[in-house]
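Enquirer: Following is a predicted model, sequence given first.
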Protein chains: 4
Amino acid sequence: MTLRVGVIGTGMIGKDHIRRLTQVLNGVEITAVNDIDQSSAEDAAPMGATVFETAEQLIQSEQVEAVVICSWGGAHEEQLLACIKAGKPVFCEKPMVISAEAAIKVMNAEVAYGKRLVQVGFMRRFDADYRRLKKVIDEGSLGAPLMYHSVHRNGQVPEGLYTSDMPLNDTLVHDADISRWLLSDEISGVEVRVPRRSTQGGELRDPVIVLLHMDSGVIVDVEISVNISYGYDIRGEVSCERGIAALPNRPATIITDQHGIRQAIPEDWRERFIEAYDQEFREWISAAADGGAIGPSVWDGYVSTLTADAALRAVEKGTLETLDLIDKPALYQQH
Amino acid sequence: MTLRVGVIGTGMIGKDHIRRLTQVLNGVEITAVNDIDQSSAEDAAPMGATVFETAEQLIQSEQVEAVVICSWGGAHEEQLLACIKAGKPVFCEKPMVISAEAAIKVMNAEVAYGKRLVQVGFMRRFDADYRRLKKVIDEGSLGAPLMYHSVHRNGQVPEGLYTSDMPLNDTLVHDADISRWLLSDEISGVEVRVPRRSTQGGELRDPVIVLLHMDSGVIVDVEISVNISYGYDIRGEVSCERGIAALPNRPATIITDQHGIRQAIPEDWRERFIEAYDQEFREWISAAADGGAIGPSVWDGYVSTLTADAALRAVEKGTLETLDLIDKPALYQQH
Amino acid sequence: MTLRVGVIGTGMIGKDHIRRLTQVLNGVEITAVNDIDQSSAEDAAPMGATVFETAEQLIQSEQVEAVVICSWGGAHEEQLLACIKAGKPVFCEKPMVISAEAAIKVMNAEVAYGKRLVQVGFMRRFDADYRRLKKVIDEGSLGAPLMYHSVHRNGQVPEGLYTSDMPLNDTLVHDADISRWLLSDEISGVEVRVPRRSTQGGELRDPVIVLLHMDSGVIVDVEISVNISYGYDIRGEVSCERGIAALPNRPATIITDQHGIRQAIPEDWRERFIEAYDQEFREWISAAADGGAIGPSVWDGYVSTLTADAALRAVEKGTLETLDLIDKPALYQQH
Amino acid sequence: MTLRVGVIGTGMIGKDHIRRLTQVLNGVEITAVNDIDQSSAEDAAPMGATVFETAEQLIQSEQVEAVVICSWGGAHEEQLLACIKAGKPVFCEKPMVISAEAAIKVMNAEVAYGKRLVQVGFMRRFDADYRRLKKVIDEGSLGAPLMYHSVHRNGQVPEGLYTSDMPLNDTLVHDADISRWLLSDEISGVEVRVPRRSTQGGELRDPVIVLLHMDSGVIVDVEISVNISYGYDIRGEVSCERGIAALPNRPATIITDQHGIRQAIPEDWRERFIEAYDQEFREWISAAADGGAIGPSVWDGYVSTLTADAALRAVEKGTLETLDLIDKPALYQQH
């Protein structure tokens, strides 16, 4: 009853997922690998896996029951469409696609197929802390959520490689997706404010404050810093009518010494979300083995794309930019 | 070497200050009391204190070396001008005055007098937690402040008496003043966003999010809730270039029981700031005994008035409203 | 490369390990099951697994490469000896055996075999919090450990079934083993003090305070409560020469409401240590696949037995009872 | 209505109390000062205070309504007896006296006088954190207290001056007194255990663990470290039948930086207990102005002396040493 999986893309994240699928999780076997760099694919391929020359061949292969896409974003559209055509469950890393048009094309294909096949890689939804937080909100004793303060602090970004648009189209999408999921809500508009610039990142536009206006009226204020230097620090606090619910500190030894009473914080996203990634794939394996998908959907990938676009317009113009979403297909109503 | 003080206004806050000045603090004696309701003044007057028929008479009296104004806001302008004219140090509760024009008039009088006589009642600046926070920021090892998240949660407000403008012209002024002081910065503009309304307060505009744009570029986001029901909860977190500094929880027994590991929070502002009020007056007594004033000045009262006005315009129009401050007189440069 | 495992004992803990080995972990397959209650074994057996009539048969079977023992303590000695005779790696739940003589017999057999085959089920050593705590201690910047305060609080115990000896021979062993491991030390003596009795447990001797005297001179004071009612609360704090290191609270949503600022605590040991159990078996599978064993050894099981015996004598007599350990065989020096 | 106070002893603690009584508190005036070193007394005397040649003269003086004793412990007995003879309220620093016999002599004098005049300087009882903790215990919802873990960590002690007996006869008395007060209980016996020695203090016996056996059966385990180096760290946790109540961290800015999420701890006892000292004298002034005394009594000083004696015997002999208290005079029943 082992799911035979093909992995497309063997860069850093692809290699990490191969490790996860072969060494950590059960019920799964990697039978096929592909990368535009054939030698990278050969290095990364676990024993017994076939290295395919093209992603298309891997997707078509009878050795492959389900696909994991870790290629670069621009290639996802074609690969997702091929998976859907082949009727094969597929896990796709972020960004799902790189334009609203591409997202709609993939959505139409999946809707035509009549069943969800695609799971998009928003791993925060699988994090135990966020899940407990959502449970508290959903349980309702604190009343309706009114505001959500989402803090996203990253130790450092590679100088030169990381541009001023990336806090908005790369980093923000995590806060945006988790806000929608946590609050069972939808984003209707985006504002961006740019505070005093940190000297830690040279000319980089850092930090930024983003206000997400939700359909319900909830306002999410997102505080993004990408060069905070001390570690990777993800916080979230939901203000409800009669109480507050917040993410806890990560578990860490409480040391008391000359620096005070203190707890270390995670160094980077790998340390912070390692268990969330494991759980994300655990649930994907189970759903894919049943021929389907759960968790973040093509719809979520579509909204994510529009949110990033709106944020980039908003920072440029200083205005509130609305998301003009298409009608949500019935296929995504339950998710 | 005891400072002889006259108190104008013997309502709730006036009575509390009389208690403080007679029972808690030393180096001070209440020699005179006045209220528009003479019988209230007589009830509140400590033994040996004279009850004056008018505020003017109290201010003029030789029994009075320094004045505490706790009358209603509309009366402050005239009383402050009388104190300055008499050259007597004066502590004035918030709001200092109720219009920018009145503030400028008082400022001009004090500038003409050539020396500070007026201390305005922003008690947060005397709170030990805020003072430690400022010390950490000023010390500089975390780098420059970039954002400040100020949370102001109030248990409940009296239905009917508390109007939708009050979070902006009554509650916000505390966050605005503490932001200016904490960051050694000035407010240049105000935006207001109105999230989903809490059902705890009927039609009240609650909560509100206020963005204060500071001269340095720092953005302060203020989260105001006035009917949060669980207690009085004041939080503040400064994001700097290389680290974060935040107000701690108030000291409270750590109980572990069926509700979890938990600490009570203050019931109301009296409980939260009782020591700050004591300290505020301790320092006022000392400054007044030297014939002057320290802490929040007429300039601070003036900016406070303009901030509230701007917030009210901003919530009406949805725009960023700027503060058009007059040039800061030299008298207030050091403060 | 899948490890074929036989499970002896299909009671509550046996069933949970079967779930773990089939649904959570990879690299392992359950091929054989046995229980003194044959129908229980049949119910618990995963598809494809053979149900053996006797433990002996299961251990001998060619289908079985490694064994998990979850039978009752009295049966362990014979089963462990059979595993060692067969040269098969074996995981054995607590208590390893029920007398010092039995422990020495098993130890002699393993020493004669010349290689570790037995891993004893002290799961705390695999808990991420304890591992981080040990790392801080071992790193040495806090100086040598001097005292360890170990708190063991259990929600409730079944009335009638749980006797006054059990805090000392069942519960204490976890604190004792983790102390030895955390401090890289050995227990030399045990004292027990009995405070005022809790009315929560009727006539039960609860709580108890145990002082473990370690070879290095470190004193461990263990606070055991078994009917604390509010949850399952495990705490530990090591006092070193220049600082303190302590277990953190478990991650849980920080709720602020009418009960204060609070975090839930685990309900029971399953919730608290679920990940430690997973990790324990993850490492066992890896070691067993290599034909050996890691983690808690027969020596640790032996010391555990002597500690419980000493504690029972100590509570009876009120004295400091020493552990008269045999010389530690070379096989266990590195562990 | 100002209380005229004479201060005996103008060493470090005497000077600090003079500062407190003249600069911080109201309702009090220092009219007389004495020290065996006349020039020290002259330096310390506030303006207008008379410097007396002997303690006896100061106590007799008509300028003195109440006395503060800060001389060395050996002188207290005679000075206390003189105060009682003169019928003057007296605050006496620790140790009240230096032998059980002396304590009983003072007690007999006060009982003969028929009314409490003496308040002993156990300032922890006036600390807000301890008071809140006691309130939680007394309120009763957690059930009866069963164990109390009292941690007393001191940054460093002066080498050479601080001897191995001092953790037991100087430091322990604070934990012992606060345990009696917190639990409304009495000490019946004392055990001492000496863990591995810290290298921070050379040959000093440090740390020590003390077990206080209370009349109710509650066991208090006290952990004393006097050279912990990182600061002054006082902790306390009461284990009750259905829950736990503990002292909180002291309020301190929460900093997040390369050292983690952290809060500073107090440097020394002055910083930790400064407000408790103020409150202690605030309540003493009020009681003394009424001609009496409240808070820690001669009885408490007597028990404190016997506890230290028992601890010194216990550490010597390794036994449980009992306190053979005389019958408690009716005068002290309510306190």
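Expert: Received the coordinates, thanks.

Enquirer: any idea how far the nearest residue to residue A:138 once chain neighbours are set aside is from chain C?
Expert: Nearest non-adjacent residue to residue A:138, counting by CB to CB, 6 or more residues apart in numbering or on different chains: residue A:184, 7.5 Å away. Placement of C-beta: from N, CA and C, glycine included. Look at residue A:184 and chain C: by CB to the nearest CB, to the nearest Å, they are 17 Å apart.

Enquirer: for residue A:292, same thing?
Expert: For residue A:292, the distance to chain C - CB to the nearest CB - is 19 Å.

Enquirer: ditto for residue A:172
Expert: Noted for residue A:172: a distance of 24 Å to chain C, by CB to the nearest CB.

Enquirer: and for the helix or strand harbouring that residue, what are the contacting residues?
Expert: For residue A:172, the host element (DSSP states H and E) is helix A:172-183. With contacts defined as CB atoms under 8 Å, 6 or more residues apart in numbering or on different chains, helix A:172-183 is touched by A:94-95, A:122, A:124-125, A:130, A:133-134, A:137, A:145, A:148, A:150, A:152, A:185-187, A:210, A:212, A:214, A:216, A:218, A:220, A:222, A:224, A:236, A:238, A:296, A:300, A:303-304, A:307-308, A:311.

Enquirer: how about the nearest residue to the residue lying farthest from the centre of chain A, chain neighbours excluded?
Expert: Distance to the chain centre peaks in chain A at residue A:258, reaching 38.8 Å (criterion: CA atoms, centre = their mean). Nearest residue to residue A:258, sequence neighbours excluded (CB to CB, 6+ apart): residue D:230, at 5.0 Å.

Enquirer: before we move on, what about residue A:74?
Expert: Leaving aside its sequence neighbours, residue A:74 sits nearest to residue A:98 (CB to CB, 6+ apart; 5.8 Å).

Enquirer: can you count the residues close to the residue nearest to residue A:138?
Expert: 12 (other CB atoms under 10 Å in any protein chain shown).

Enquirer: just residue A:211 next, same as before
Expert: With other CB under 10 Å as criterion, residue A:211 counts 21.

Enquirer: again with residue A:186
Expert: If you count neighbours by other CB under 10 Å, residue A:186 ends up with 15.

Enquirer: which residues touch it?
Expert: Here residue A:186 is in contact with A:180, A:214-215, A:303, A:325 (criterion: CB under 8 Å, 6+ apart).

Enquirer: What is the end-to-end distance of stretch A:34-52?
Expert: 5 Å (CA to CA, to the nearest Å).

Enquirer: try stretch A:85-105
Expert: Criterion CA to CA; first-to-last residue distance in stretch A:85-105 is 13 Å.

Enquirer: picking that back up, is the residue nearest to residue A:74 in a helix, a strand, or coil?
Expert: coil (DSSP: H, G, I helix; E, B strand; the rest coil).

Enquirer: Check residue A:309 too.
Expert: Under three-state DSSP, the three-state class of residue A:309 is helix.

Enquirer: separation between it and residue D:270?
Expert: Computed as CB to CB, to the nearest Å, the residue A:309 to residue D:270 distance reads 59 Å.

Enquirer: which residue does the stretch 201-335 of chain A bring closest to chain B?
Expert: Going by CB to the nearest CB, chain B is nearest to residue A:217 of the stretch 201-335 of chain A, at 3.3 Å.

Enquirer: what about the strands in the stretch 51-200 of chain A?
Expert: In the stretch 51-200 of chain A, the strands defined using DSSP state E, counting those that start in this stretch lie at A:66-69, A:90-92, A:118-120, A:145-153, A:187-193.

Enquirer: I'd like to know which of those strands is closest to residue D:58.
Expert: Residue D:58 sits nearest to strand A:145-153 of all the strands of the stretch 51-200 of chain A, at 61.3 Å, using CB to CB.

Enquirer: quick one: strands adjacent to the closest one?
Expert: Paired strands of strand A:145-153, with direction, are strand A:219-225 (parallel), strand A:233-240 (antiparallel) (DSSP bridges).

Enquirer: got the angle between the last one and helix A:172-183?
Expert: Relative orientation of strand A:233-240 versus helix A:172-183 (axes from the mean of the first three to the mean of the last three CA atoms, to 10 degrees): 40 degrees.

Enquirer: How many residues are close by residue A:43?
Expert: Neighbour number of residue A:43 under other CB under 10 Å is 13.

Enquirer: Tell me which residues touch it, please.
Expert: residue A:10.

Enquirer: Residue A:67 against residue A:85, yeah?
Expert: No. Residue A:67 lies out of contact with residue A:85 (CB atoms under 8 Å); the separation is 11.8 Å.

Enquirer: Show me which of the two is the more surrounded one.
Expert: Shown here are residue A:67 and residue A:85; by other CB under 10 Å, residue A:67 has more neighbours (28 against 12).
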